[in-house]
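Visitor: turn this into a model:
(2 chains)
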Amino acid sequence: MHLAEHPKVGTVVIKKGAIKSFTSLERIKREVELLSELESDFYPKQHHFNIDVKTKEFEIVEDYIEGKVLREVMGQFKTPKEIFTLFNFLVKGLSVIWDKNIVHRDLKPENIIIRPNGMPCIIDLGIARFLDLESLTKTISPMGPCTPIYAAPEQLANNKNLIDPRTDFFDLGIIALELYLGVHPYDPAYVGNNFSIVENIMQNKYIVESGTVKRDNTIVEFANKTLQIQPYDRYRNYQMLTAFIAKQI
Amino acid sequence: MKVYHQTGFRDKWNIESFRNGVGNGLIFSPINIDADKLFAMDVKLKQSGFLDPQLYLLNEAKGTIDTYPYFPGNLKPDFTTPDLDNSHIQLAQLCVDYQMKNDFHYLIIPSRYYADNPTTYFAQSTDYFVIPFCDYVKENKIQKKVLLSVIVKTIMLSDEVKRNEVLNWITGHQNIDGVYLIFENNFASKQIKDFDYLLNTLKFIKVLKDNQMEVHLGYTNTEALLYSIAMPDSVTVGSYENLRSFGIKRFQDLEKSQMRPPNARLYSAQLLQWIDYEYIQAMKSLMPDYANYFDESEFRPLMFTPEFKWHFAKPEPYKHYFYVFDKQIKKLSPTQEGRIDELKGSIKNALSLFKKIENNILLDDDSDGSHLPTWFNVINAFQKELTK
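Guide: Model (predicted):
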């Protein structure tokens, strides 16, 4: 991935990579098709997509988003009000893809860019599961495509039938708690056990306070609802999620 | 909480009762009423109710169901599951169109019935019914609320994996407003006396309500009172037992099978039970105050005259039940806590009344209060769940 100057649109990001298999090619193509359709400030605009069959490489040119990834500016979102204000925008952005029956499936602080005006931009839809299309994840894979420490239990178990917007709600729950606590809520060092983060996710073991950070009832309520093992125990849809968030800001 | 009439054979009793202000609407049954006849029916009767499409068995042309445009056999003779691959969109359109033309209050997405659901059941149901229905509703900008019909098998309540699967499936549909839930009833007794089954049913309803879905319970008998503590949106009243307890036999053409006529029974809101008329005759001769055990209605005086011939084809016991049960449901507290307290009180009262009766008359276990201790215990267990 590198930056370049586009004669018409200014600074762009050029993403290049190897096409490892037909599956990854399909996934990349879907990301590109989706991004080129989206007219939303919550996502980078796509300008160009090319596949070199000879070298088995792909090339994507998309808008460069000025700002910093959430990971770098987590300190700006510490209080429940700051967190829920950010989430209010994030959910608004995500609802654009949820309405198209698409699940992001890889929400994490590295995939959210905070623009200089404070607005989030969501990147890396590459592993989004397009619910309307044939599933790309092989059923025999032990784990679905995801970043394991930000994945919902159904992703970790590669239970494809259960992937829907509620999967993204789970990821948001982890991010919210991490912002509030300053540490990963499933980190065994803080949970106080010898399991891995992934094992703690599967066993629903997480913390809601840490060190000097005392529990906050609204954050706990949000986490307890989004971080449920069974999707039916989470918010059913983004309208319910939005309603809760709106009450906190 | 609303009360719908689960209509079927002798639906005119339900319609007459509804016209007299009993119940909130009618659930129409295609196997019992011709499509054109239903279409010609007063629209006011339809606007407050809904149609159960009854696509449980694709190939079974029981009663008048083949008069409905969406009946699969009308799309292709000997329609089978593989035909759904090519016909599911057309079927959904015809089914929605028919429901829209009749102006029912809700649009119902049908469901299929299997004795044992195949592993692909939910994926198939999504592809063949939920998606084409919701797409058609969206394309046509239909504003009516959409309910998904779901047959809940006993194993879906008792087995945690199956329960999670069905609950995740139901709640995963973003474009539906609620469910028309039908609990399959395989119990031999007239009342359900299985503690786990009843408690799991309450928990199942609660999950759906927690998901802010409308929950309409079909084919309920007196246990509707118990289910009311999970705060569903509606329950049903039905005349014959096959309308108060779901079994697939009702939708199968079993011409050669022998049907045993039911014994006439009378519902008592105080006893929370249906009493066989033979026991009522015994009570009459042994208990001077026997009539006090039964509720007042315009039908009661006639039924308690010496000339009244108790028979399952007589409308009075059923119309009496519709009236009394509807009133009983409507009197329930609007709050969950209030309902729990009231129902526990009603159960204790019923048990003490049964004691008085059984000082004079012995009842069999389909007419006695043997289901009530289970109900009471289920309520306590559910109450404990609520505080978790």
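Visitor: what residues does the stretch 1-150 of chain B put near chain A?
Guide: B:F122, B:A123 (CB under 8 Å from any CB of the partner chain). C-betas here are computed from N, CA, C, even on glycine.
Visitor: which stretches of the stretch 1-150 of chain B form helices?
Guide: Counting by DSSP state H, counting those that start in this stretch, one finds helices in the stretch 1-150 of chain B at the ranges B:11-19, B:35-40, B:43-47, B:72-75, B:84-102, B:121-125, B:131-139.
Visitor: out of those helices, which gets nearest to B:F304?
Guide: helix B:11-19 (19.5 Å; CB to CB).
Visitor: and the residue nearest the centre of chain A?
Guide: A:L107 (1.1 Å; CA atoms, centre = their mean).
Visitor: sorry, wrong one. I was asking about chain B.
Guide: B:Y219 (1.6 Å).
Visitor: count of neighbours near residue 57?
Guide: Unless you meant another one, I'm taking chain A. 13 (other CB atoms under 10 Å in any protein chain shown).
Visitor: the intended chain is chain B.
Guide: Neighbour tally, B:L57, other CB under 10 Å: 17.
Visitor: need the next SSE after the helix or strand of chain A with the lowest mean pLDDT, C-terminal direction.
Guide: Least confident helix or strand of chain A, by mean pLDDT, DSSP states H and E, is strand A:129-130 with a mean of 46. Later in the chain than strand A:129-130, the nearest helix or strand by DSSP states H and E is helix A:153-156.
Visitor: the helices of the stretch 1-150 of chain B into TSV, with extra columns for mean neighbour count?
Guide: As requested, the helices of the stretch 1-150 of chain B are arranged in TSV below (neighbours: other CB atoms under 10 Å in any protein chain shown):
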stretch	mean neighbour count
helix B:11-19	18
helix B:35-40	14
helix B:43-47	14
helix B:72-75	18
helix B:84-102	18
helix B:121-125	17
helix B:131-139	18
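Visitor: can you list those helices in JSON lines and add mean pLDDT and distance to A:V32?
Guide: Converted to JSON lines, these look like this (pLDDT from 0 to 100; distance: least, CB to CB, whole Å):
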{"stretch": "helix B:11-19", "mean pLDDT": "97", "distance to A:V32": "57"}
{"stretch": "helix B:35-40", "mean pLDDT": "97", "distance to A:V32": "49"}
{"stretch": "helix B:43-47", "mean pLDDT": "96", "distance to A:V32": "48"}
{"stretch": "helix B:72-75", "mean pLDDT": "91", "distance to A:V32": "40"}
{"stretch": "helix B:84-102", "mean pLDDT": "95", "distance to A:V32": "29"}
{"stretch": "helix B:121-125", "mean pLDDT": "92", "distance to A:V32": "28"}
{"stretch": "helix B:131-139", "mean pLDDT": "95", "distance to A:V32": "25"}
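Visitor: out of the ones you listed, nearest to B:Q54?
Guide: Nearest of the helices of the stretch 1-150 of chain B (CB to CB): helix B:84-102, 10.6 Å.
Visitor: and that closest one, what does it pack onto?
Guide: helix B:35-40, strand B:50-51, helix B:72-75, strand B:106-109, helix B:131-139 (3 or more CB pairs under 8 Å, 6 or more residues apart in numbering or on different chains; DSSP states H and E).
Visitor: so which of those is nearest B:E184?
Guide: strand B:106-109 (17.7 Å).
Visitor: and the closest one, what does it pack onto?
Guide: strand B:50-51, helix B:84-102, helix B:131-139, strand B:145-152.
Visitor: mind redoing it with 7 Å?
Guide: strand B:50-51, helix B:84-102, strand B:145-152 (3 or more CB pairs under 7 Å, 6 or more residues apart in numbering or on different chains; DSSP states H and E).
Visitor: pull the distance from the top strand by length along chain A to the chain's centre.
Guide: The longest strand of chain A (DSSP state E) is strand A:10-18. Offset of strand A:10-18 from its chain centre (CA atoms, centre = their mean, to the nearest Å): 20 Å.
Visitor: so which bits of the longest helix along chain A are buried?
Guide: Of all segments of type helix in chain A, defined using DSSP state H, the longest is helix A:80-98. Buried residues in helix A:80-98, counted by 16 or more other CB atoms under 10 Å in any protein chain shown: A:80, A:82-87, A:89-95, A:97-98.
Visitor: repeat that for stretch A:209-220.
Guide: Buried residues in stretch A:209-220 (16+ other CB under 10 Å): A:E209, A:S210, A:D216, A:T218, A:I219.
Visitor: quick one: closest of the helices and strands packed on helix B:84-102 to B:Q252.
Guide: helix B:72-75 (14.6 Å).
Visitor: which strands and helices sit next to the closest one?
Guide: Taking 3+ CB pairs under 7 Å, 6+ apart as the contact cut, helix B:72-75 packs with helix B:84-102.
Visitor: on that earlier part again, turn the buried residues of stretch A:209-220 into TSV, including secondary structure and pLDDT.
Guide: Listed next are the buried residues of stretch A:209-220 as TSV, based on DSSP: H, G, I helix; E, B strand; the rest coil; pLDDT from 0 to 100:
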residue	secondary structure	pLDDT
A:E209	coil	95
A:S210	strand	92
A:D216	coil	97
A:T218	helix	98
A:I219	helix	98
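Visitor: and these, which two are the farthest apart?
Guide: Longest span within these, CB to CB: A:S210 and A:T218, 16.8 Å.
Visitor: what pLDDT does the residue lying farthest from the centre of chain A get?
Guide: Most distant from the centre of chain A: A:K54, at 32.7 Å, with distances by CA atoms, centre = their mean. Looking at A:K54, its pLDDT is 81.
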